[in-house]
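[1] got a sequence here, can you model it:
(4 chains)
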There are 4 protein chains.
Amino acid sequence: MLGASGYAGRELCALIQRHPALQLSFATANEQRGQTVHAAGRPVTFVATEDAPLGDAELVFSSLPHGASREWVDAARAAGARVVDLSADLRPGNGREGVPYGLPELTRSEVRGAAVVANPGCYPTSVLLALAPLIERDLVAEGSAMIANSASGVTGAGNTPKREYLFGEVAEDYRAYGVGNTHRHLKEMRATLERLGSTADLVFTPHLLPVTRGILSSITVELKAPLGDAMEPWRQRFAGEPFIEVVGAPPRLRDVAYRNAVQLHALPLTGTARPMLLVFSAIDNLVKGAAGQAIQNANLMLELDETAGLL
Amino acid sequence: MLGASGYAGRELCALIQRHPALQLSFATANEQRGQTVHAAGRPVTFVATEDAPLGDAELVFSSLPHGASREWVDAARAAGARVVDLSADLRPGNGREGVPYGLPELTRSEVRGAAVVANPGCYPTSVLLALAPLIERDLVAEGSAMIANSASGVTGAGNTPKREYLFGEVAEDYRAYGVGNTHRHLKEMRATLERLGSTADLVFTPHLLPVTRGILSSITVELKAPLGDAMEPWRQRFAGEPFIEVVGAPPRLRDVAYRNAVQLHALPLTGTARPMLLVFSAIDNLVKGAAGQAIQNANLMLELDETAGLL
Amino acid sequence: MLGASGYAGRELCALIQRHPALQLSFATANEQRGQTVHAAGRPVTFVATEDAPLGDAELVFSSLPHGASREWVDAARAAGARVVDLSADLRPGNGREGVPYGLPELTRSEVRGAAVVANPGCYPTSVLLALAPLIERDLVAEGSAMIANSASGVTGAGNTPKREYLFGEVAEDYRAYGVGNTHRHLKEMRATLERLGSTADLVFTPHLLPVTRGILSSITVELKAPLGDAMEPWRQRFAGEPFIEVVGAPPRLRDVAYRNAVQLHALPLTGTARPMLLVFSAIDNLVKGAAGQAIQNANLMLELDETAGLL
Amino acid sequence: MLGASGYAGRELCALIQRHPALQLSFATANEQRGQTVHAAGRPVTFVATEDAPLGDAELVFSSLPHGASREWVDAARAAGARVVDLSADLRPGNGREGVPYGLPELTRSEVRGAAVVANPGCYPTSVLLALAPLIERDLVAEGSAMIANSASGVTGAGNTPKREYLFGEVAEDYRAYGVGNTHRHLKEMRATLERLGSTADLVFTPHLLPVTRGILSSITVELKAPLGDAMEPWRQRFAGEPFIEVVGAPPRLRDVAYRNAVQLHALPLTGTARPMLLVFSAIDNLVKGAAGQAIQNANLMLELDETAGLL
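    Okay, the predicted model is just below:
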């Protein structure tokens, strides 16, 4: 595991430790090399990234920073390991196409047995799983804009010390950021929506919540025509999916915390001239939005049970 | 002051105590009658509502529950007092038209010298001040839907004990509620938007934040045509307004907490086929969203300086 | 499981669902009977307590309110079930002596194979495990007072709606309660300390923290004589204990959250005339302080592996 | 004002702006020089400390870091200004004796008209005002240890970005720090207690709370003899003090937040062999624990009304 000292990296270390078929062969963290932390009750001692015995691992997870990950993905590949890359470097819309995008509920067949997989961003996981059933069935009004307002807990920003993420700044606060369709995750979402066949635009406005974990996306969509049963597209599309829960009321963060789960809910809007739908999606940004999904992808790449270590 | 034991009622008691020209003649709270609390450092002893010496007051604030307030407004009027009603009973869209709506930045001339004023809801204050400049200038695309996602601190739900508002339920959580255009405040917003000349629909989705105070509204609007200067409509419309701050970045709750202020920000959206605008609005739900605005209205009704007791 | 709708009850349902050797045969909750909730991802439908098929269970957990639990413990015994009682009714100092006290690290031999066990309170678990090694070795100055300042998350107060536990009251607050040695848990602690041979007094001051889970106890003790190695008594006494972690720095709540663990740390105080020691103890009040410990006791009663379902 | 960019510095800027007799002539912040922030609704532009026009000010507040403040105090004195130093540099026990200690309720006569005053630390303010009435009357058992457990909000640690104060680390956590009588404020407390005539020891254990503001100290004291009326020493000693509130129940942080107030409460402990007392003290660490007290001292130094700008 490369880059193990961030919030997602630690979550992933803990998941690996508890996994029935995986063993943690190394964990790198340049600034904290030599330090020992506990993950799932077991000690993990960090080494420098350049000292990582890449060849010892059958599969390498990289949670290195965006921009810095790509070269290590190549090094791990050269050493013979499969790679799940949690950075943005290999994701759709980020310049290196052709790497399978690891959102298994949409791309399972590409991930199974793959050598390298780009693990999705937390916001894209939340938004894409909410929108895919509508887009695949061509239900969204052409030329309309799908309005996604998302709110994330602060672990999404990592654990590098920055003033804006101090407790004294975040507590009792709430604000939008990355506004005006400027967020780094937008191109990943747009590239994937296009691939799914979308002809609608996406407006994405992220917000910072005073919670540690979780993303809730509240998405307003204009439809071509009213739906008889507003939740049917998700129920049908995701039937049998082990990690997707189509729920009967707007989901709350607490119900997905610490779980590799997505909760989805949809309902029609009344009192609008055009037919409109509200779709909600809740995940734990560190689990289904990062480390849990990385394990899910690793399970598929290694042809293990997809749910191994995740229930 | 009728109904003084809730969060808005207490905030109002404190503002009255600090006001240079107002004195608190009584404060009612049926369940807590006989109890003494401190507001702005001075003791306030609650009496039962039926024991309120309505005739002693030149102006009565009613923060009684929705439905229960109307009869006491009438009683206070009969006793010769002016009334600021903080309940929904007299607000537009709630069945008793003709009472001035106390959103002074939009309705100042109706409020000045009035005998009874309906104090706006917290969400409508937040949303209407954000949208009015666009609607008054007829900039919104006809037939489009204005998408308002709002998030409120828990004091907006009052201090009646309910399980869903326990710390153990709200902390580390975030969720939507009153979804599908069902929130009680929607008719108040729609009635006012129509009166301003709106031909667009409103979609309003409130969320519950793990903070005590504050409302942030993030509103996406489709325009007839792109705007040259996205913030100009607000700067121009609210020039000289003492409580409106048009700010250069998306506002955060901390910057309006404990103040009778609205912070507004707007920016164009890139990458959409139709011209679209994001508008943000932040208030303290207990101040500009309730008690502070009630003082602002009282100042106008009594022909005092509108900012008295509020700076 | 009797009384399954509170925070501890739900935690216990989830632990039972995940336990390799236990199955949940029923869950009672009078006010919520007929409702279905999810515990550990599996549905649980509540029945009324009077409809509980007590005879179907080999072991019954009672998380009924204090005072109400005792009669149901008797009923479950009469129906042939073993019982772990999470209420205070059968705990030491509460009037019905002779029932084994389920603090396995101190009373394991009494719990193993027992028919009824009184599961300790959360504060007593925290304080007693911190003090036992000192008292058993007679290290505490005679006639001195051991000063325990504890701070607990709000789930310790249950999920019955009360104004004082609303988010709007607890957030950004901190206060002592049950002060002056009046807390209900004090007699349980005193009875147990006496049984361990203590000749010192206990001063216990609980505080309410704005967190959902966790108890930290900070205890100041006057010693008969300085200790060479301040942590040795705990290391030696708890060697091999699966759920006790003697750590090298003052513990923090985050490190024990969601785990059946106690973290203990001790250090000498400098600059005092008499030899004094600081002892810190951290637990998750819902796990080692309630549901996890109940499972630990059940494992011992049923002669299963003590750690089953808890790692 | 020197060092205006920290939490205490900003609070002080805002208090100066609202003060009826003070005007802010400059505000320094090296890292943020050139930036403009808002304090009490008015803009403040930071300059570098070395560019501060010290001679323009009648009185200079220094909120520079410990160690760095002393030389600027001397420079401001040389330029003819009076100085309130909020750093630890001139406080008792820190090596430069003879500077009046600005805890007006204990040292008012020394502060009045003084040229330089050392503004107390937040913890010492909290602890010393709680203990002074007992010590001045010689009520504490000789040779005993007064056990002070204090808990502070995170603004006490300043706004320099450090990982341990990130929201993701502090939320849902609670821990002790500076344990074993090692906290920097201890010598300030001990020197002052000795000066008051104390013959007892002090044990001081600070904790970090997941709140932004406030300090609660819970202090256990062994008395020479039981007190008839536990609160009488505080009521008598602090009668007429404008900022001290002797309250009838353990104080909570919310009741002192944003106010230059100390709330004190005392009660006897039952069930201990020796006569013991619990004393509680609550302040806002940024107001009575820093900026508010600095204004109180400035008012006395300039022979203004002591409460000017603070009610």
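
[2] mean confidence for the top helix by length along chain A?
    Looking across chain A with DSSP state H, the single longest helix is helix A:122-136. In this model, helix A:122-136 has a mean pLDDT of 98.

[3] so what does the following helix or strand past that helix touch, helix or strand wise?
    Per DSSP states H and E, the first helix or strand lying C-terminal to helix A:122-136 is strand A:145-152. Counting by 3 or more C-beta pairs under 8 Å, 6 or more residues apart in numbering or on different chains; DSSP states H and E, the packing neighbours recorded for strand A:145-152 are helix A:122-136, strand A:201-208, strand A:215-222, strand B:145-152, strand B:215-222. From N, CA and C alone the C-beta is placed, and that goes for glycine too.

[4] so what's the residue of the stretch 151-300 of chain A found nearest chain C up against?
    Nearest residue of the stretch 151-300 of chain A to chain C: A:Glu172, at 6.7 Å (C-beta to the nearest C-beta). Contact partners of A:Glu172, counting by C-beta atoms under 8 Å, 6 or more residues apart in numbering or on different chains, are A:210, B:153, B:211-214, B:253-254, B:257, C:171-172, D:212.

[5] need the pLDDT of the residue in the stretch 1-150 of chain A that chain B sits nearest to.
    With C-beta to the nearest C-beta, the shortest gap between the stretch 1-150 of chain A and chain B falls at A:Asn149, namely 4.2 Å. What the model reports as pLDDT for A:Asn149 is 98.

[6] ok, how many other residues are close to it?
    27 (other C-beta atoms under 10 Å in any protein chain shown).

[7] do A:Leu202 as well
    For A:Leu202, the count of nearby residues is 20 (other C-beta under 10 Å).

[8] pull up the pairing partners for the least confident helix or strand in chain A by mean pLDDT, direction included.
    The least trusted helix or strand in chain A, going by mean pLDDT, DSSP states H and E, turns out to be strand A:36-39, with a mean of 84. Strand A:36-39 has the following strand partners under DSSP bridges: strand A:42-45 (antiparallel).

[9] next SSE after the partner strand?
    strand A:59-62.

[10] what helices or strands is that next one leaning on?
    Strand A:59-62 sits against helix A:69-78, strand A:82-85, helix A:292-301, with contacts defined as 3+ C-beta pairs under 8 Å, 6+ apart.

[11] ok, A:Leu208 touching A:Val179?
    No. Contact criterion C-beta atoms under 8 Å: A:Leu208 and A:Val179 do not qualify, at 11.5 Å.

[12] returning to that earlier point: is it possible to export the helices and strands packed on strand A:145-152 to CSV including distance to A:His19?
    Putting the helices and strands packed on strand A:145-152 into CSV (distance: least, C-beta to C-beta, whole Å) gives the following:
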stretch, distance to A:His19
helix A:122-136, 20
strand A:201-208, 31
strand A:215-222, 24
strand B:145-152, 37
strand B:215-222, 39
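
[13] list the contacts for the residue of chain A most remote from its centre?
    What lies farthest from the middle of chain A is A:Ala273; by C-alpha atoms, centre = their mean that is 34.5 Å. A:Ala273 makes contact with B:143, B:145, B:201, according to C-beta under 8 Å, 6+ apart.

[14] and A:Ile283, how many neighbours?
    Residues near A:Ile283, counting by other C-beta under 10 Å, number 33.

[15] quick revisit: dump the helices and strands packed on strand A:59-62 to a markdown table, plus distance to chain C, mean pLDDT and mean neighbour count.
    Listed next are the helices and strands packed on strand A:59-62 as a markdown table, based on distance: least, C-beta to the nearest C-beta, whole Å; pLDDT from 0 to 100; neighbours: other C-beta atoms under 10 Å in any protein chain shown:
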| stretch | distance to chain C | mean pLDDT | mean neighbour count |
| --- | --- | --- | --- |
| helix A:69-78 | 28 | 96 | 18 |
| strand A:82-85 | 24 | 98 | 26 |
| helix A:292-301 | 14 | 98 | 26 |
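
[16] reformat those as CSV; add distance to A:Arg163.
    Below are the helices and strands packed on strand A:59-62 laid out as CSV (distance: least, C-beta to C-beta, whole Å):
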stretch, distance to A:Arg163
helix A:69-78, 26
strand A:82-85, 30
helix A:292-301, 30
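
[17] can you say which of those is nearest to A:Thr160?
    helix A:69-78 (15.6 Å; C-beta to C-beta).

[18] check which helices and strands that closest one is in contact with.
    Contacting helix A:69-78 under the criterion 3+ C-beta pairs under 8 Å, 6+ apart are the following elements: strand A:59-62, strand A:82-85.

[19] export that helix as CSV, just CAs?
    Extracted in CSV, the C-alpha atoms of helix A:69-78 (Å, rounded to 0.1, in the frame of the first residue of the first chain):
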residue,chain,number,x,y,z
SER,A,69,0.7,8.5,-8.1
ARG,A,70,1.0,7.8,-11.8
GLU,A,71,4.8,7.1,-11.8
TRP,A,72,4.4,4.7,-8.9
VAL,A,73,1.6,2.9,-10.6
ASP,A,74,4.0,2.3,-13.5
ALA,A,75,6.7,1.2,-11.1
ALA,A,76,4.4,-1.3,-9.5
ARG,A,77,3.3,-2.6,-12.8
ALA,A,78,6.9,-3.0,-13.9
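
[20] what's the closest non-adjacent residue to A:Asp56?
    Leaving aside its sequence neighbours, A:Asp56 sits nearest to A:Ser25 (C-beta to C-beta, 6 or more residues apart in numbering or on different chains; 4.9 Å).

[21] hang on, that neighbour in a helix?
    No. Read with DSSP: H, G, I helix; E, B strand; the rest coil, A:Ser25 is coil and lies in no helix.

[22] so what's it up against?
    Contacts of A:Ser25 (C-beta under 8 Å, 6+ apart): A:53, A:56-57.

[23] need the buried ones from those selected in PyMOL.
    Filtering the contacts of A:Ser25 down to the buried ones (16 or more other C-beta atoms under 10 Å in any protein chain shown) takes a single PyMOL command:
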select buried, chain A and resi 57
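
[24] just give me the closest of the contacts of A:Ser25 to B:Gly95.
    Among these, and counting by C-beta to C-beta, the member closest to B:Gly95 is A:Ala57, at 69.3 Å.

[25] how about that closest one, what does it touch?
    With contact taken as C-beta under 8 Å, 6+ apart, A:Ala57 is in contact with A:25-26, A:76, A:81.

[26] repeat for A:His265
    Taking C-beta under 8 Å, 6+ apart, we find A:His265 in contact with A:231, A:246-251, A:279-280.

[27] what about A:Asn181, how many neighbours?
    20.

[28] report the separation between it and chain B.
    In this view, A:Asn181 and chain B are 5 Å apart by C-beta to the nearest C-beta, to the nearest Å.

[29] I'd say that residue and B:Pro268 touch.
    No. Applying C-beta under 8 Å as the test, A:Asn181 and B:Pro268 come out as separate, 9.4 Å apart.

[30] show me how the record splits chain A into domains.
    Domains of chain A are assigned by automatic domain parsing as A:7-120+A:289-301, A:122-284.

[31] neighbours of A:Arg10, how many?
    A:Arg10 has 24 neighbours, counted by other C-beta under 10 Å.

[32] wait, what's in contact with the closest residue to it other than its chain neighbours?
    Nearest non-adjacent residue to A:Arg10, counting by C-beta to C-beta, 6+ apart: A:Ala39, 6.2 Å away. Going by C-beta under 8 Å, 6+ apart, A:Ala39 touches A:10, A:13-14, A:16-17, A:24.
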